[in-house]
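Visitor: Dropping a prediction and its sequence here:
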Amino acid sequence: MKSLLVANRGEIAVRVIRTAQDMGIRTIAIFSELDRDALHVDLADEAWNVGPAPAAESYLNQDAILRIAHESGAEAIHPGYGFLSENAVFARAVETAGITWVGPPADAIAGMGDKITSRRNAERFGVPTVPGITDPVSSIDEVTDLAQEFGYPVAIKAAHGGGGKGLRVVRSPEDVSDAFDGARREADAYFGNPEVYVEKYLEKPRHVEAQVLFDSHGKGLFLGERDCSVQRRHQKLIEETPSPGMTVEQRRALGKAALDAGRSCGYVNAGTVEFLVDQVGDFYFLEMNTRLQVEHTVTEMVTGIDLVAWQLRIAAGEKITFDEVEPRGHAIEFRINAEDPFRGYLPSPGQVVEWQEPAGPGVRVDSWIRPGTNVSQYYDNLMAKLVVWGSDREAAITRSRRALKEFTILGVSTTIPAHLAVLDHEDFIAGRHHTKWMEDVVALEGRGPTAVPSLPQDEDMAKRDITVEIEGRRFRVSYWAPEPSVAAGQMRRRPPRLSIPGPAGASDGVITAPMQGTIVKVSVKAGQAVKAGQAICVLEAMKMENEVSTPNEGEVVDLRVEPGDTVAAGQVIAIVK
Ligand code: MV4
């Protein structure tokens, strides 16, 4: 593979471009008109305008992307995550166009996209699934009968859904009718198909997913699991590996089930098999994500494997050259989103005015933000992924606190305070959290600042940091002072400057010192032509700098001072004729 088009934006475009360049591959970026100045555009070897800001007209525009692939001579397309990454129609169009698709075969995407089909396939391969049925339900009575059989509560789910949309929990027979109608309505609205099916509903499960990698020669490997139980409204906030409390036997069984699920649909390339783990530690297949995931980085941190590199090699037809991984230590990923955890995670778009990433041992930051970057409402809120490694979970947690506190972001609100609250919570520290925990237990509403941390909008204001000591203890203090040049002058202990015109009616052109003081600067030379109001010298008096200027136009015929001279009030400084 010599060239790669990265059909994405943001941190994942940056992530993929970096590895491709590490492998000597020419990288081709696409950008919407909102992303002209984005980091992925600067890093790629070339960049092509794919269309206007709305994703439908740019990052989802299949024809435009294929046209750019042809014009740029791209051999392969990496879709990243989101956008077209799990679009079987696009994957097929790419393959048909003779371009290498860096992802699973279109048929595997389609098979896993339909939740009933994927559940059925997984069951055929002996993968444990949540007690339930593999046919769509078509009536309220049918749901009531199934609920009787499995016992309440049951879940009604969209057959073509995912991500929690079209999922209704039914706790008693009276709730069936509303839930059935609601789930069908949502399924139709979000996924264009009203089909729903029924499963036993698991209370307070953990979300544990398995990273798998298959080459096109029949080899498949399990690369460890990730616990993604810290989420709210189906948005993951924190992911970690290994999953707290999971035993070696459980892990081995999970890995085998994940590989079987992948084989059930003819999977090739990197994929993720999602499971729910109940309170006694039994796991159940949920769905397979047929893409590289946001949180793949924690797996990379503990295995030392570059998953994007393997995606590219596998897409190029290469074989997996190792038989097992030896994970070391513990890794945690924190999603740094532009949203306000103190106000219900309200999106906080806008310009990032200050951006300082943490670094040091065991810290990786995947980001696309620079000072001045605008986080737009057109796309997702993910600004960065902070990925922290430690020799064990406790070390990783302690280091995470350090790294999160080291992160400085001004201009937008961020999820950092929420992460710090999670890290300090005894449930998380003990590994007792589950998929409902963040919403039910970690309440941040109204407990923080009400305003976005930002610099003053006044352009004449400049931020200054000083160190002060209060009773011997050092504190960093920031303040905002008008006009950088004046403030900078103050920093060098130069007094502020006033402008003092020559005496009114000095028609004779004799310029005198308005007060006693010291000449700190002479601004003209003898013989020089000057305009009315032009500065002649700067006189320091009473800790103020005073500019002495000529009231009339003319030539400096006599200049009687030099820097350092002391002058008395009324003493002649210069004569302008
Ligand atoms: C469930 C469940 C409990 N029991 N299915 C939500 C998203 C979709 N991918 C599947 N989801 C769930 N399915 C049964 N039978 C609980 C959830 C669920 C969940 C799953 C994973 C991560 C976070 C979640 C949050 C709430 C509910």
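Guide: Received the coordinates, thanks.

Visitor: quick one: A396 from the ligand, how far?
Guide: Using Cβ to the nearest ligand atom, to the nearest Å, one gets 22 Å for the distance from A396 to the ligand. In short, each C-beta sits where N, CA and C put it, glycine included.

Visitor: pretty sure that residue contacts H330?
Guide: Yes. Using Cβ atoms under 8 Å, A396 is in contact with H330, at 4.3 Å.

Visitor: shared neighbours of these two, which are they?
Guide: Residues touching both A396 and H330 by Cβ atoms under 8 Å, 6 or more residues apart in numbering: 240, 389-390.

Visitor: Which residues of the chain lie near the ligand?
Guide: 130, 155, 162-164, 167, 199-202, 205, 207, 231, 234, 276, 286-287, 435 (Cβ under 6 Å from any ligand atom).

Visitor: Go again with 8 Å.
Guide: 130, 132, 154-155, 157, 161-164, 167, 169, 199-203, 205, 207, 228-229, 231, 234, 236, 274, 276, 284, 286-287, 435-436 (Cβ under 8 Å from any ligand atom).

Visitor: From those, list the buried ones, please.
Guide: Buried members of the residues of the chain next to the ligand, scored by 16 or more other Cβ atoms under 10 Å, are 130, 132, 154-155, 157, 161-162, 167, 199-202, 205, 207, 228-229, 231, 236, 274, 276, 284, 286-287, 435.

Visitor: Which of the residues in stretch 535-552 are classified as buried?
Guide: Using 16+ other Cβ under 10 Å as the test for burial, stretch 535-552 gives 536-541, 545-552.

Visitor: Which of these fall within strands?
Guide: Using DSSP state E, the members of those that fall within strands are 536-541, 545-549.

Visitor: List just the nearest of the residues you listed to the ligand.
Guide: E545 (64.8 Å; Cβ to the nearest ligand atom).

Visitor: how far away is that closest one from V576?
Guide: Using Cβ to Cβ, to the nearest Å, we find E545 at a distance of 21 Å from V576.

Visitor: Which of the buried ones among the residues of the chain next to the ligand fall within strands?
Guide: 154-155, 157, 199-200, 207, 228-229, 231, 236, 274, 276, 284, 286-287.

Visitor: can you give me the strands in the stretch 1-150 of the chain?
Guide: Counting by DSSP state E, counting those that start in this stretch, one finds strands in the stretch 1-150 of the chain at the ranges 3-6, 26-32, 46-51, 76-78, 100-101.

Visitor: Export the ones you listed as a markdown table, with columns for mean neighbour count.
Guide: Formatted as a markdown table, the strands of the stretch 1-150 of the chain follow (neighbours: other Cβ atoms under 10 Å):
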| stretch | mean neighbour count |
| --- | --- |
| strand 3-6 | 25 |
| strand 26-32 | 24 |
| strand 46-51 | 18 |
| strand 76-78 | 27 |
| strand 100-101 | 20 |
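
Visitor: Redo these as CSV? Include mean pLDDT.
Guide: Output for the strands of the stretch 1-150 of the chain, formatted as CSV (pLDDT from 0 to 100):
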stretch, mean pLDDT
strand 3-6, 98
strand 26-32, 97
strand 46-51, 96
strand 76-78, 98
strand 100-101, 98
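
Visitor: so can I have a markdown table of these showing distance to L404?
Guide: Converted to a markdown table, the strands of the stretch 1-150 of the chain look like this (distance: least, Cβ to Cβ, whole Å):
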| stretch | distance to L404 |
| --- | --- |
| strand 3-6 | 29 |
| strand 26-32 | 30 |
| strand 46-51 | 32 |
| strand 76-78 | 30 |
| strand 100-101 | 37 |
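
Visitor: closest to T373 out of the ones you listed?
Guide: Closest of those to T373 is strand 26-32, at 13.3 Å (criterion: Cβ to Cβ).

Visitor: Show me what that closest one packs onto, helices and strands only.
Guide: strand 3-6, helix 10-22, helix 39-43, strand 46-51, helix 62-72 (3 or more Cβ pairs under 8 Å, 6 or more residues apart in numbering; DSSP states H and E).

Visitor: could those be laid out in a markdown table, adding distance to F83?
Guide: Output for these, formatted as a markdown table (distance: least, Cβ to Cβ, whole Å):
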| stretch | distance to F83 |
| --- | --- |
| strand 3-6 | 11 |
| helix 10-22 | 10 |
| helix 39-43 | 13 |
| strand 46-51 | 11 |
| helix 62-72 | 9 |
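
Visitor: looking at these, which is buried most?
Guide: Of the helices and strands packed on strand 26-32, the one with the most neighbours on average (mean count of other Cβ atoms under 10 Å) is strand 3-6, at a mean of 25.

Visitor: what helices or strands is that one leaning on?
Guide: When contacts are defined as 3+ Cβ pairs under 8 Å, 6+ apart, strand 3-6 packs onto helix 10-22, strand 26-32, helix 62-72, strand 76-78.

Visitor: quick one: strands adjacent to it?
Guide: Strand pairing for strand 3-6, using DSSP bridges, gives strand 26-32 (parallel), strand 76-78 (parallel).

Visitor: Quick one: distance of the shortest one to the chain centre.
Guide: Relative to the centre of its chain, strand 76-78 is centred 22 Å away, using Cα atoms, centre = their mean, to the nearest Å.

Visitor: got a list of contacts for it?
Guide: 1, 3-8, 16, 20, 65, 69, 94, 99-103, 308, 311-312, 315-316.

Visitor: Over to stretch 45-56?
Guide: 21, 26-34, 36, 40-41, 57-59, 61, 64-65, 68, 71-72, 83, 376, 378-379.

Visitor: 6 Å - rerun?
Guide: Stretch 45-56 has contacts (Cβ atoms under 6 Å, 6 or more residues apart in numbering) with 26-34, 41, 57-58, 61, 64, 68, 378.

Visitor: For it, list the C-alpha coordinates in CSV.
Guide: Output of stretch 45-56 as CSV, limited to C-alpha atoms (Å, rounded to 0.1, in the frame of the first residue of the first chain):
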residue,chain,number,x,y,z
ASP,A,45,0.7,14.8,2.6
GLU,A,46,-2.2,16.3,0.6
ALA,A,47,-5.7,17.6,1.4
TRP,A,48,-8.8,17.8,-0.7
ASN,A,49,-12.0,19.9,-0.2
VAL,A,50,-14.9,17.4,0.1
GLY,A,51,-17.7,19.9,0.5
PRO,A,52,-19.7,22.2,2.8
ALA,A,53,-19.8,21.9,6.6
PRO,A,54,-22.9,19.6,7.0
ALA,A,55,-21.6,16.0,7.2
ALA,A,56,-24.2,14.9,4.7
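
Visitor: Look up the closest residue to A541, ignoring the ones flanking it.
Guide: G517 (3.1 Å; Cβ to Cβ, 6 or more residues apart in numbering).

Visitor: Next up, the contacts around the one you found.
Guide: 539-541 are the contacts of G517 under Cβ under 6 Å, 6+ apart.

Visitor: again, but for N121
Guide: With contact set as Cβ under 6 Å, 6+ apart, N121 has these partners: 264-265.

Visitor: Report pLDDT for it.
Guide: The model reports N121 with a pLDDT of 93.

Visitor: do the same with E471
Guide: pLDDT, E471: 73.

Visitor: same check, this time on V230
Guide: 98.

Visitor: Bridged to it, which residues?
Guide: Beta-bridge partners for V230, by DSSP bridges, are I238.

Visitor: And it, how far from G281?
Guide: Taking Cβ to Cβ, one finds V230 at 19 Å from G281.
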